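Novice: quick one, structure for this:
(3 chains)
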Amino acid sequence: MSRIFQQWVEEYQDQAWSLARYLLKDAAEAEDVCQESFVKLWREQDSIDHAKVKAWLMKVTRNGCLDRIRRRKPSEELGDWQMADPAGEPQHGAERFELGQWLQQAIARLGEPYQSLVLLRDVQQNSYEEVAETLELSLPQVKVYLHRARKQLRESLAEVRP
Amino acid sequence: MNAFSRVVEGAKASAGKAALAFTLGITLSFAASPLAAQEDALKDLPGYVDFAELSGVYGEPKVMINLGGSILRFVGGMTKDDPESAALLQQLKGVRINVYSIEGQPEAALKSLKDTKSLLQDARWEPIVQVNDDGDQAQVFVKLNGETMEGLTVMAVDEEEAVFINIIGQMDPAQLSQVMDNFDVDIDGIDIN
Amino acid sequence: MTEKPDFDDWEEQINALLDGELDDAGAGRLKAAAGEDHQLSQAIIEAYQLQRALANIPTERAPDSLRRKLAAIPALEARRGARQQKPGGGWWQQSWQVPRWAAAMAAIPLVLVAVNQTTDWLGPKEPSAAEIAQAQQELAVALSYLGKVSRRTGLEIGDTVNHEMHKTVNENMMQAIHEELEFNKEREL
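Specialist: Presented below is the predicted three-dimensional model:
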């Protein structure tokens, strides 16, 4: 029981952290939510379909983040933030680096569920089925919302590009 | 009777049953093996401070941690991506902490600071720092062997609790700072479910 | 008059193309249309560029502090389970996984002491992963109290000890040298 749990931790901790970080923008809160999610995973692992653990975990993490956001007072709105560069990742050219940084900011500014959709599907490369499970949407809904999110990002990008 | 026992007895005599006026050093010695065996192994070390009789003054601790050198080395081995923590933990012989609730009665605890300080100095502990700030007091002692620190003792009293920490082993204080940062958890900001 | 293409229709096709869900016929139609419409071809190019850029955003590594907490979950949950099985329940009812732990983690050492007293691990026997995880948590508690004392008193214990220790060492050395000099002086006299 412990070994498979540790495997799940190894496989999914970065993605859960990344999702929480984007949604909450606050590292400490993101850490709290991730920890709570994995504790829930430990406690409920016997009742979860092991083939769908990733989607389940991301759903719990996302819902935990949204709960925290809802509980925030209006004065606690957080501004833009910079996601840390992953250790050891070489930056191939300044332009690519800037585009990546800009995109991260643009994603962070998207409303829900667009932000989660882009993160889960386009950034983390989850399947449509996993994204649908995570967001508790139907497949057609996922596609429609995702297309809107991509369009928003494209239009934003067009505005800032020369 | 060792130095700390004398302080304990003194505190009991001066403050009676509710003697929470204890400003003993904090000795941390973590032991993952039976406590008696671990205690014996640590007692001969120069950086060790015994506060086994604190419970007689403060009652049962609300926090008591004892980690010995062996388990600390294994913990250090787990921090491969944190070489400073790993290096420090490899050198430590023990980490012990006792924390007592003093239920808003710090006066008695604070009164014994002076006695405790001289007793520790008798045992060749060097006082490094004393802080006195609106009822919060902290004292830090080190046991030196030449230029090497073989033990660190911290005692702190505030309105709520008395904290005693003893770290045993040769250590670089600068490394300790870094390890504290790496392991730090904000104890004060409790969010109790 | 030529009607401008309905971009909402094309948008769906572009997305289907990106997701590999457009059949050959559909892809051919889209390609042909893009050949005649600069705006459409530009939209397709931008969509591909965006998709590639999004896929290249690296996933941020979870911080070490989180990794440690997650690794410790099985051990801590096991202890929690053991406590809950005690008749009447333990005095400690707080959830261990409270992130900003104090009172929650405060219970662990007492339980740990009880656990340690029942173990018969002596000498060089290697501790289990759970024991190591447990020790990690306890060490974090201990160092956090040290940090708390630092914060409450405005004292950076490590840095202060380092500075003061060197001062003390120097003072001791000077004292020793002075005493030696005095002794030698007296001897000469």
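Novice: list the contacts of residue B:99.
Specialist: B:61, B:62, B:63, B:64, B:161, B:162, B:163, B:164, C:106, C:145 (Cβ atoms under 8 Å, 6 or more residues apart in numbering or on different chains). C-betas here are computed from N, CA, C, even on glycine.
Novice: so the fourth one, which of the three states?
Specialist: Three-state secondary structure (criterion: DSSP: H, G, I helix; E, B strand; the rest coil) places residue B:64 in strand.
Novice: who does it bridge with?
Specialist: residue B:98 (DSSP bridges).
Novice: of the contacts of residue B:99 - the most surrounded one?
Specialist: Most neighbours among these, by other Cβ atoms under 10 Å in any protein chain shown: residue B:164, with 30 neighbours.
Novice: would you mind measuring from the one residue sitting closest to the centre of chain A to residue A:37?
Specialist: Note on chain A: the residue nearest the mean C-alpha position is residue A:19, at 2.4 Å, using Cα atoms, centre = their mean. Distance of residue A:19 to residue A:37, given as Cβ to Cβ, to the nearest Å: 10 Å.
Novice: ok, of the contacts of residue B:99, which one's closest to chain A?
Specialist: residue C:106 (18.2 Å; Cβ to the nearest Cβ).
Novice: next helix or strand past the helix-or-strand element of chain C with minimal mean pLDDT?
Specialist: Counting by mean pLDDT, DSSP states H and E, chain C has its least confident helix or strand at helix C:103-118, which shows a mean of 40. Counting by DSSP states H and E, the element after helix C:103-118 in chain order, helix or strand, is helix C:129-153.
Novice: list the buried residues in that next one.
Specialist: Under the neighbour-count criterion of 16 or more other Cβ atoms under 10 Å in any protein chain shown, helix C:129-153 has C:129, C:131-150, C:152-153 buried.
Novice: and that helix, anywhere near chain B?
Specialist: Yes - Helix C:129-153 is in contact with chain B by Cβ under 8 Å from any Cβ of the partner chain, via C:131-132, C:135-136, C:138-153.
Novice: is residue B:124 in a helix, a strand, or coil?
Specialist: Residue B:124 ends up coil, using three-state DSSP.
Novice: name the nearest residue to it, sequence neighbours excluded.
Specialist: residue B:143 (6.9 Å; Cβ to Cβ, 6 or more residues apart in numbering or on different chains).
Novice: stretch B:131-142 near chain C anywhere?
Specialist: Yes - between stretch B:131-142 and chain C, judged by Cβ under 8 Å from any Cβ, the touching residues are B:131, B:133, B:136, B:138, B:140, B:142.
Novice: is it true that the last one touches residue B:151?
Specialist: The reference is to residue B:142. Yes - with contacts counted by Cβ atoms under 8 Å, residue B:142 reaches residue B:151, the gap being 6.7 Å.
Novice: shared neighbours, those two?
Specialist: Counting by Cβ under 8 Å, 6+ apart, the residues touching both residue B:142 and residue B:151 are residue B:125.
Novice: hey, where'd the strands end up in chain A?
Specialist: With DSSP state E, there are no strands along chain A.
Novice: from chain B, how far off is the nearest residue to residue A:27 once chain neighbours are set aside?
Specialist: Leaving aside its sequence neighbours, residue A:27 sits nearest to residue A:21 (Cβ to Cβ, 6+ apart; 6.6 Å). Here the distance between residue A:21 and chain B works out to 19 Å (Cβ to the nearest Cβ, to the nearest Å).
Novice: residue A:21: neighbour count?
Specialist: Using other Cβ under 10 Å, residue A:21 is surrounded by 25 other residues.
Novice: now do the same contact list for the nearest residue to residue A:59 once chain neighbours are set aside.
Specialist: Distances taken as Cβ to Cβ, 6+ apart put residue A:134 closest to residue A:59, at 4.5 Å, once the chain neighbours are dropped. The neighbours of residue A:134, taking Cβ under 8 Å, 6+ apart as the test, are A:55, A:58, A:59, A:62, A:116, A:120, A:126.
Novice: contacts only, for residue A:116.
Specialist: By Cβ under 8 Å, 6+ apart, the contact set of residue A:116 is A:19, A:23, A:62, A:134, A:135.
Novice: among those residues, name the ones in helices.
Specialist: In this view, the contacts of residue A:116 that belong to helices under DSSP state H are A:19, A:23, A:62, A:134, A:135.
Novice: does the last one touch residue A:114 like I think?
Specialist: It stands for residue A:135. No - at 10.6 Å, residue A:135 does not count as touching residue A:114 under the criterion of Cβ under 8 Å.
Novice: the two: which is more packed in?
Specialist: residue A:135 (22 against 19).
Novice: so how far is residue C:18 from that one?
Specialist: Residue A:135 is 19 Å from residue C:18, by Cβ to Cβ.
Novice: and the strands in chain B, which stretches?
Specialist: Along chain B, counting by DSSP E, strands occupy B:63-68, B:92-101, B:126-133, B:136-145, B:148-157, B:161-171.
Novice: ok, now chain C?
Specialist: With strands called from DSSP E, chain C shows none.
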